[in-house]
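# predicted model, plus sequence, below.
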Amino acid sequence: ILLSSGPLLLNKSILIDASSLPSGFTIDANLASRALTIEDGNDLFFRNVTLSNLTITGGSSTSHGGAISNRENLTLLDCTIDSNSCTGSGGGLWLALGTSTLDHCILSNNSADGTGGGGGIRLEAPASLLLTNSALTGNSTTNPSPASLGGGALTADSGSALTATSCNFHQNSSASFGGALVIRSNPVTLTDCTLTTNAAQHGGAIHLLSASPVLTRCRFRENNATVRGGALYLTASSAPTVNNSSFSGNWSGSGGALSHDSASPSYINCAFAGNQASTNGGASHHTTSSTPAFTNCSFAANRASNGGAIHSDTSTPTLTHCILWGNTATSANPQLFGPVHPSSSANLIQNGSGPHVLLTADPHFAKTPHPGPDATWTGPADNDYGSLRLIADSPALNAGNNATYDAISPVSTDLAGKPRKIGTIDLGAFEG
């Protein structure tokens, strides 16, 4: 249907199911208004609204929620939210109250121009969102103001709750922060999510602001930020836990994959390959008294001007059971620039020295990452991120300490999903 007299109002519990139609059902707001307003005027009681196999397009709002403004319990199943916009926040969806569930949905090419952000979705407090098996692609926030929250695909505001599982965030962008996601809330979990080729000024994939989400088995590939944090930009005492995740081919001005500003994250069983920064920290850059902890992480073929793998400025990372090998710097310290915390131990660091270094020999990765004929990781078409698994003669096999790992981490599997300890634990992200 083509709307001609403003948005449709849904103020009662309802199921709209178009799954029996060969091509589903399309609501086109014709760029004249929002498509749907879902609310009954009573914020103390939530209606249950379910939409299945709908496409909502052409929505436009001068405030919030280009496609849908919601204050009830909303479930979207196999729906497509495409090419909607607003001059405020939530170019696709504005979720203010209740519990929303999106399963097998596509949110694409939605945009928001306001400082509240959320090109695809704006999640307000105290709303909660369960996002599963969905794709958020080509969404954007276009306001470049430093006051703009950003979040090309999704912004989760302070006091909201987000759970995302098996979702794909691809080619979203922000003119300010968080090409894919801006997270200001707790609790938040991302599990088995893929974030690729998202872009922003800060935090090509994600910006965390006073947030401590749990990220498990996520893949960050070829995201970029013009200023800081090609994949993740962490500020304001953010303290996420990132388990069994990979960072490949991300790039930025500083912190090719990670940028920490007054943050205390934990990375366990993570791999960093082929990330690049034009200044400091090819894989990770730390500043303003940040205290990141890396446990059983592998860093290879990352590059920067200073600190090819890791660069610390007024910060002290803790490294345990990590491998830093084959990273490069055009100016200084290809593996590690700056001090480490005194509790760091049992690491393999190329040309390293000090009590935190156990080994300096070649770890014998299964396949060394290579940027291809163009010799740069920022031209991803020919990048080969290799394999940071250890082959049978690696000196890093059985070189760790089980008790040390157990005291730090409850994670029982390595990056490949194998048991983390087969006998004595190995160094790096993969168990042999």
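Here it is on my side, so go on.
# doesn't His341 make contact with Thr291?
Yes - in this structure, Thr291 sits in contact with His341. The criterion is C-beta atoms under 8 Å, and the distance is 7.2 Å. C-beta coordinates here come from the backbone N, C-alpha and C atoms, glycine included.
# need the residues touching each of these two.
Shared contacts of Thr291 and His341, defined by C-beta atoms under 8 Å, 6 or more residues apart in numbering, comprise Thr316, Pro317, Thr318.
# among those, name the ones in helices.
Using DSSP state H to define helices, no part of those is located there.
# got those as a markdown table, with distance to Ala366 columns?
Listed next are those as a markdown table, based on distance: C-beta to C-beta, whole Å:
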| residue | distance to Ala366 |
| --- | --- |
| Thr316 | 32 |
| Pro317 | 26 |
| Thr318 | 27 |
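# most surrounded residue in those?
Pro317 (24 neighbours; other C-beta atoms under 10 Å).
# how about that residue, what does it touch?
Contacts here follow C-beta under 8 Å, 6+ apart; on that basis Pro317 touches Ser284, His286, Ser290, Thr291, Pro292, Ala293, Phe294, Ile310, Val340, His341, Ser344.
# mind checking which of the residues you listed land in strands?
Using DSSP state E, the members of the contacts of Pro317 that fall in strands are Ser284, His286, Ala293, Phe294, Ile310.
# looking at those, spot the one nearest Gly400.
Phe294 (13.4 Å; C-beta to C-beta).
# and for that closest one, the neighbour number?
28.
# that one touches Ala271, doesn't it?
No - if you go by C-beta under 8 Å, Phe294 and Ala271 don't touch, sitting 11.1 Å apart.
# tell me where the stretch 301-432 of the chain has helices.
For the stretch 301-432 of the chain, the helices defined by DSSP state H, counting those that start in this stretch occupy 402-408.
# what segments of it are strands?
303-306, 310-312, 318-320, 323-325, 328-332, 336-337, 347-349, 357-359, 365-367, 387-390 (DSSP state E, counting those that start in this stretch).
# reformat the ones you listed as CSV; add distance to Pro146 and mean pLDDT.
As requested, those are exported to CSV (distance: least, C-beta to C-beta, whole Å; pLDDT from 0 to 100):
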stretch, distance to Pro146, mean pLDDT
strand 303-306, 25, 98
strand 310-312, 24, 98
strand 318-320, 32, 98
strand 323-325, 34, 98
strand 328-332, 29, 96
strand 336-337, 28, 98
strand 347-349, 37, 98
strand 357-359, 41, 98
strand 365-367, 41, 97
strand 387-390, 37, 98
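# find the nearest non-adjacent residue to Pro395, please.
Counting by C-beta to C-beta, 6 or more residues apart in numbering, Ala361 is the residue found nearest to Pro395 once chain neighbours are left out, at 4.8 Å.
# and Thr413, by the same measure?
Leaving out its chain neighbours, the residue that sits closest to Thr413 by C-beta to C-beta, 6+ apart is Arg420, at 5.6 Å.
# neighbours around that neighbour, how many?
Under the criterion other C-beta under 10 Å, the count of neighbours that Arg420 has is 24.
# how about the one 5 residues further on?
Neighbour count for Ile425, taken as other C-beta under 10 Å: 25.
# any idea how many residues pack against the residue nearest to Pro395?
Considering only other C-beta under 10 Å, Ala361 is surrounded by 11 other residues.
# ditto for Ser262
As a burial measure, Ser262 scores 17 neighbours (other C-beta under 10 Å).
# ok, back up a step: which one of the strands of the stretch 301-432 of the chain lies nearest to Asp414?
Distance to Asp414, taken as C-beta to C-beta, is lowest for strand 387-390 among the strands of the stretch 301-432 of the chain, at 9.3 Å.
# what pLDDT is listed against Ala407?
With respect to pLDDT, Ala407 scores 97.
# er, Ala381 I mean
In the predicted model, Ala381 carries a pLDDT score of 89.
# coming back round to it: turn the ones in strands among the contacts of Pro317 into JSON lines, columns for distance to Leu31.
Output for those, formatted as JSON lines (distance: C-beta to C-beta, whole Å):
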{"residue": "Ser284", "distance to Leu31": "43"}
{"residue": "His286", "distance to Leu31": "45"}
{"residue": "Ala293", "distance to Leu31": "49"}
{"residue": "Phe294", "distance to Leu31": "48"}
{"residue": "Ile310", "distance to Leu31": "48"}
